[in-house]
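# Need coordinates for the following:
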Amino acid sequence: MPSRKSKLLDDLKLIAEYRVLTSSILSFLWSCSMRTAHYRISRFADESHILLRPHQDGYRPGKPQNLIELGPSGIEVIAESLVGKEQEAFYSTINNEIFHKDHELLTNLFRLHLLQLSRQNTVFSSEFISPNTPFLPRSRTGLPLIAQEVDINGSTRSFVPDGVVMIFHSKRDRHLLFFLESDRANEPLNGDASTATLQKKFENYHQYLVSGGYKRYEKKWQCSFKGFRLLVLCNDTPRMKQIARFVSQYPTLDYVWVTDTTQLVNHGIGAKIWLRGGNASIPLQSILGSEYACELPPVD
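The predicted structure follows:
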């Protein structure tokens, strides 16, 4: 049985990995009741292991929940367990504040449902690599390790996915590769050369697909990838429809699959909730394939 000190370290590392959480997220991650989660959160806050800030969770209407982030004492507890470059990487990342907290919560919503998939169906296992994890080194340029570079018409572009996702099907011995973009409608679909747009983001991913840059992940997971899918999780249905219409105009963007939080929360990540290529004229599909599509219990 793990010691109290070991359990504390594991709990704090989990909070550090997700960076921005709510009590409901921690309740799910800890596999405990909300009452137990609130008790543990209160105790951590009293000891400055975490920081609490009032926040209205847009995915769970009602009483605001506290926003939970690692606190000064929690940072030191984790740092003391690390050495050398691991400790340096941890400090350099954890001290960079997450400014777009709702965006991080949207990404974490996806992560919970990814975890729910393997909890409910053990044939599937998964890994999620976050650009904000403090447990991986940064690149030589200071960007997250999963930052990508592509050449667009002789110009080098850098971009950072909101997550790299691998789902493994044990019975088929098959690995699936995905990139995640969490969309809160903060970027226009298109614009001038100086504007960050979704169109440029899709151009980056398309070149990354064509160039085979994604194959860097074959070494990590000891497998072969023939491509990837770009999953776009939208904050609401109108935005999802807007992006889907845009994507559906370009046949080369067939690898872009779009859904929204309502579909994800109500049916789960493995259900038929995704618009492939943004095409609303065909039935919704599952990222697991029609044979393994599955409705999942709600993430409570």
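
# Tell me which residues of stretch 251-261 come out buried.
Buried residues in stretch 251-261, counted by 16 or more other C-beta atoms under 10 Å: 253, 255, 256, 257, 258, 259, 260, 261. All C-beta atoms are positioned from the backbone trio N, CA, C, and that covers glycine.

# Which ones among the residues you listed lie within strands?
Among the buried residues of stretch 251-261, the ones falling in strands (DSSP state E) are 256, 257, 258, 259, 260.

# For the stretch 1-150 of the chain, which segments count as helices?
Secondary structure of the stretch 1-150 of the chain, counting by DSSP state H, counting those that start in this stretch: helices at 4-18, 23-30, 34-46, 72-79, 84-94, 101-120.

# and residue 199, which of those helices is closest to it?
Across the helices of the stretch 1-150 of the chain, the minimum distance to residue 199, taken as C-beta to C-beta, is reached by helix 101-120, at 19.4 Å.

# about what we covered before: adding distance to residue 199, write the helices of the stretch 1-150 of the chain out as JSON lines.
Shown next, in JSON lines, are these (distance: least, C-beta to C-beta, whole Å):
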{"stretch": "helix 4-18", "distance to residue 199": "30"}
{"stretch": "helix 23-30", "distance to residue 199": "32"}
{"stretch": "helix 34-46", "distance to residue 199": "41"}
{"stretch": "helix 72-79", "distance to residue 199": "39"}
{"stretch": "helix 84-94", "distance to residue 199": "30"}
{"stretch": "helix 101-120", "distance to residue 199": "19"}
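
# Next, the contact list for the closest residue to residue 171 other than its chain neighbours, please.
Counting by C-beta to C-beta, 6 or more residues apart in numbering, residue 171 lies nearest to residue 123, which is 5.4 Å off, once chain neighbours are set aside. Neighbouring residues of residue 123 by C-beta atoms under 8 Å, 6 or more residues apart in numbering: 169, 170, 171, 292.

# can you give me the end-to-end distance of stretch 141-157?
End-to-end distance for stretch 141-157: 14 Å, by C-alpha to C-alpha, to the nearest Å.

# Tell me which residues of it come out buried.
Applying 16+ other C-beta under 10 Å to stretch 141-157 flags 144, 146, 148, 149, 150, 157 as buried.

# surely the fifth one meets residue 212?
Read that as residue 150. No. Judged on C-beta atoms under 8 Å, residue 150 makes no contact with residue 212 at a distance of 11.1 Å.

# circling back: of all the ones in strands among the buried residues of stretch 251-261, which comes closest to residue 105?
Nearest member of these to residue 105, counting by C-beta to C-beta, is residue 260, at 14.8 Å.
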